[in-house]
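> let me see the structure of the following:
(4 chains)
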Protein chains: 2
Amino acid sequence: MNALADVARAAGVSKATASRALSGRGYVSTDARDRVVAAASAIGYVASPNAASLVTGQTFNVGVVIPFINKWFFGEVLEGAERALLDCGYDLTLYNLTDDPDDRDRIFDFFLARKRFDAVIVIGVEPHVSRVWSPLRLGKPVIGIGAAPDGIRSVSIDDVAAGALAADHLLRLGHTEIVFLGGDGDEGDEWLGSVHGRRLSGFTSALRAAGVPAADRHWPAEISLPGGMDAALRLLGDPRYRPTAIFAGSDEVAIGVIIAARQLGILVPAELSVIGIDGHDYAPMFGLTTIEQHPRDQGRRAVEILMGELGASAAVPNEPGAEIMPVRLVTRSSTSAPGLRSGEIV
Amino acid sequence: MNALADVARAAGVSKATASRALSGRGYVSTDARDRVVAAASAIGYVASPNAASLVTGQTFNVGVVIPFINKWFFGEVLEGAERALLDCGYDLTLYNLTDDPDDRDRIFDFFLARKRFDAVIVIGVEPHVSRVWSPLRLGKPVIGIGAAPDGIRSVSIDDVAAGALAADHLLRLGHTEIVFLGGDGDEGDEWLGSVHGRRLSGFTSALRAAGVPAADRHWPAEISLPGGMDAALRLLGDPRYRPTAIFAGSDEVAIGVIIAARQLGILVPAELSVIGIDGHDYAPMFGLTTIEQHPRDQGRRAVEILMGELGASAAVPNEPGAEIMPVRLVTRSSTSAPGLRSGEIV
DNA sequence: CTGAAAGCGCTTACAG
DNA sequence: CTGAAAGCGCTTACAG
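Numbers count the residues shown, from 1 in each chain, chains lettered A, B, ... in the order given. Below you'll find the predicted structure:
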């Protein structure tokens, strides 16, 4: 029954030697190793990682918590992390965290707490979550991507700087009537600390620095293509006030804005400039100017950091710190100097 | 050290009783159970699933193989499967299968083969893969979603019927110049057995049944929004031949077509009707007529089937069979009777 | 209903 | 370089 024992017997060695030969740990003569490997493949030996984990304490398994799968940023991060983990021989166990509070408790306190993971990656979990859940109590390395609970290190872009960069691009083109589209309606402290809140705050600071009125620049929008479209239809459909430029909190929102503009007969960029954040796969086909980031790299980088820590036993686990990944302004055809406005034509 | 022993001692019972109290298996007096539960939470006991798996043979973990994460169908299936598994107390271990052959071997023969999973779900793995890899040799329940290697049961829509349904819709509107956009360029046997090949074959059969010439109706397109756009720009940009309708193999391709048409100044549906397959989240905002399916339900259903088998030890594992999920024609504004063609206006 | 004991399939000091 | 033995943290017949 004991599979390893069968291999050992067939190879004419002890279980200990068979184990060493197969795992590559410890000294084994070339001869013995060859016999063991041959016996293993002859028998069709498949290892039981559980048994090994039980004694070594290592699971070669990382838990990943993600709030969305079918949104571009999250899907890309997940692909990047999966690839990097696989390359290191690690499994990725996926938890899709919904808004349901019971769900959160179950994932955080039950699934993640069990001794099944060497480390945990939390994607897009906002700082304020630390009020109800501290990953530190898991007692294992944790890292956030995009955002992270307070006190947990993270890999992300500088959202404040990205917001300012987008604002600067529009200001430099001569826009002053700019609206930020994205995130919740309430600008409570929690929201201001979130990814989209930080993008807004960078944007607002840049406006102020340029001497442009910065109040009431925020229109809420669900962070998705339909969400961007809906918000833009409401915003642009109101003839009393129409901005000359929109800064969308994500490319998905920005593309929704462009589609809404087309539907309303508003020319982009002549009558409306649109800039996003992401570097979405679809950005080129819509000519979208954007602040480009590389979520796959963020996923990969987070795994690298985790691996460094898991390998070097001397390292301090969960040393706080934020790894800032680069962004870049990519100018396409959705932004230009403010031109004619339909209101003025009519 | 032995965590369960600590709990047992604190509760004044044996490890056996503590185990029974915590797992809910076997008889335990209410009194003992309460003491054990109290002791466990006082100590902060966290179970080691590995140890339990080692003796029971159950891992409460399902391996999921998926070729893409950031495509709508696949993301939805994954969300549906994840939710269903979580509700059953199962973990989902994710493997993103790329085109790299080394990758395939590693995932199929190493990662999936280990005794870490109670069952395996393969998403969108085409029939011909069975020539190089048979899931049956895993010796555990396997199920496919969307497609499945030969000999493996699956949950999917009837792609042939869906293709015919789309064709019938266009034929009924009066179209005869119809092109199918999707899938590879080569129509080899392998491809014809794939999801998009089956959609094409249903489409072709329907044309023939209606007495409409069915040869050379297939234009290759990468299955994505940019892929649909590129293919449509080439197809529609050639003035020598322009169909009055396009049947896209997926909604992503269809939306790409609509965007290409806009860019070329071709009116949809007046000059070009477009129909897709999926029921993508973005379909409504583009007014896309489509054959709607529900990938989340497919993910959920596959988990149900697996759970039924894992629960009932009497059940025959891997009994072949295809579970067909319903589709529905959803008519929106992207299809109409064929009207004026730009070529004719000029 | 409860406990002592064996054992799940491995790995790892330890002694040789 | 190799093997006998102990043990990782649980569960499960078995006998009571």
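> CA only for contacts and neighbour counts going forward, please
Fine.
> and stretch A:96-111, what's its mean pLDDT?
Stretch A:96-111 carries an average pLDDT of 89.
> I should have written stretch A:175-184 there, sorry.
Per-residue scores along stretch A:175-184 average to 94.
> residues making contact with that stretch?
A:170, A:191, A:196-197, A:200, A:203, A:212, A:217-223, A:228, A:231, A:242-250, A:253, A:337-338 (CA atoms under 8 Å, 6 or more residues apart in numbering or on different chains).
> could you export it as CSV, CA atoms only?
Extracted C-alpha coordinates of stretch A:175-184, given in CSV (Å, rounded to 0.1, in the frame of the first residue of the first chain):
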residue,chain,number,x,y,z
HIS,A,175,-8.5,71.3,-20.2
THR,A,176,-9.9,72.7,-17.1
GLU,A,177,-13.4,71.3,-17.2
ILE,A,178,-12.4,67.7,-16.2
VAL,A,179,-14.4,65.1,-14.4
PHE,A,180,-13.1,62.0,-12.6
LEU,A,181,-15.3,59.0,-13.2
GLY,A,182,-15.0,56.0,-11.0
GLY,A,183,-15.7,54.5,-7.6
ASP,A,184,-18.4,54.9,-5.0
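> off-centre distance for the strand or helix carrying A:Val160?
Using DSSP states H and E, A:Val160 sits in helix A:159-173. Here helix A:159-173 is found 21 Å from its chain centre; the criterion is CA atoms, centre = their mean, to the nearest Å.
> what pairs with whichever helix or strand comes after it, and is each one parallel or antiparallel?
Following helix A:159-173 in sequence order, the next helix or strand is strand A:178-181 (DSSP H and E). Strand pairing for strand A:178-181, using DSSP bridges, gives strand A:218-219 (parallel), strand A:245-248 (parallel).
> who touches the next helix or strand along the chain from strand A:178-181?
Counting by DSSP H and E, the next helix or strand C-terminal to strand A:178-181 is helix A:189-192. Helix A:189-192 has contacts (CA under 8 Å, 6+ apart) with A:Pro127, A:His128, A:Gly183, A:Asp184, A:Gly197, A:Arg198, A:Leu200, A:Ser201.
> give me the number of residues near the residue in the stretch 151-300 of chain A positioned nearest to DNA strand C?
Scanning the stretch 151-300 of chain A for the residue nearest DNA strand C gives A:Arg300, at 26.6 Å (criterion: CA to the nearest atom of the strand). By the criterion of other CA atoms under 10 Å in any protein chain shown, A:Arg300 has 21 neighbours.
> phi and psi next, for the spatially closest residue to A:Thr335 that is not a sequence neighbour.
Distance criterion CA to CA, 6 or more residues apart in numbering or on different chains; nearest residue to A:Thr335, sequence neighbours excluded, is A:Ser273 at 4.3 Å. Dihedral pair for A:Ser273: phi -90, psi 140, per degrees, to the nearest 10.
> residue contacts, A:Ser273?
Per CA under 8 Å, 6+ apart, neighbours of A:Ser273: A:Thr244, A:Ala245, A:Ile246, A:Ser334, A:Thr335, A:Ser336, A:Ala337, A:Pro338.
> max pairwise distance over those: which two?
A:Ile246 and A:Ala337 (12.7 Å; CA to CA).
> which one's more surrounded, these two?
A:Ile246 (28 against 18).
> the more buried one pairs with what?
A:Val179, A:Val274.
> quick check: residues of the stretch 201-346 of chain A near DNA strand D?
Contacts of the stretch 201-346 of chain A with DNA strand D, taken as CA under 7 Å from any atom of the strand, are absent.
> nearest to DNA strand C within the stretch 201-346 of chain A, name that residue for me.
For the stretch 201-346 of chain A, CA to the nearest atom of the strand, closest residue to DNA strand C: A:Gly311, 13.1 Å.
> tell me the pLDDT at that residue?
76.
> just give me the neighbour total for it.
By other CA under 10 Å, 9 other residues sit near A:Gly311.
> cool, A:Gly183 as well?
Every residue meeting other CA under 10 Å relative to A:Gly183 is counted, giving 25.
> equivalent analysis for A:Ser134, please.
14.
> mean neighbour count, the strands paired with strand A:178-181: which tops it?
Of those, the one with the most neighbours on average (mean count of other CA atoms under 10 Å in any protein chain shown) is strand A:245-248, at a mean of 29.
> quick check: mean pLDDT across that one?
The model assigns strand A:245-248 a mean pLDDT of 98.
> any idea how far the nearest residue in space to A:Gly174 that is not next to it in sequence lies from A:Leu200?
Closest residue to A:Gly174 apart from its sequence neighbours, by CA to CA, 6+ apart: A:Ala337 at 5.8 Å. A:Ala337 sits 22 Å away from A:Leu200, going by CA to CA, to the nearest Å.
> A:Thr289 too?
From A:Thr289 to A:Leu200 the distance is 18 Å (CA to CA).
> now do the strands in the stretch 151-300 of chain A.
A:154-157, A:178-181, A:218-219, A:245-248, A:273-278, A:289-292 (DSSP state E, counting those that start in this stretch).
> mind putting the ones you listed into a markdown table with distance to B:Ser41?
What follows is the strands of the stretch 151-300 of chain A, written out as a markdown table (distance: least, CA to CA, whole Å):
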| stretch | distance to B:Ser41 |
| --- | --- |
| strand A:154-157 | 31 |
| strand A:178-181 | 46 |
| strand A:218-219 | 46 |
| strand A:245-248 | 47 |
| strand A:273-278 | 44 |
| strand A:289-292 | 47 |
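> out of those strands, the one nearest B:Ala52 is which?
That would be strand A:154-157 among the strands of the stretch 151-300 of chain A, by CA to CA, at 33.4 Å.
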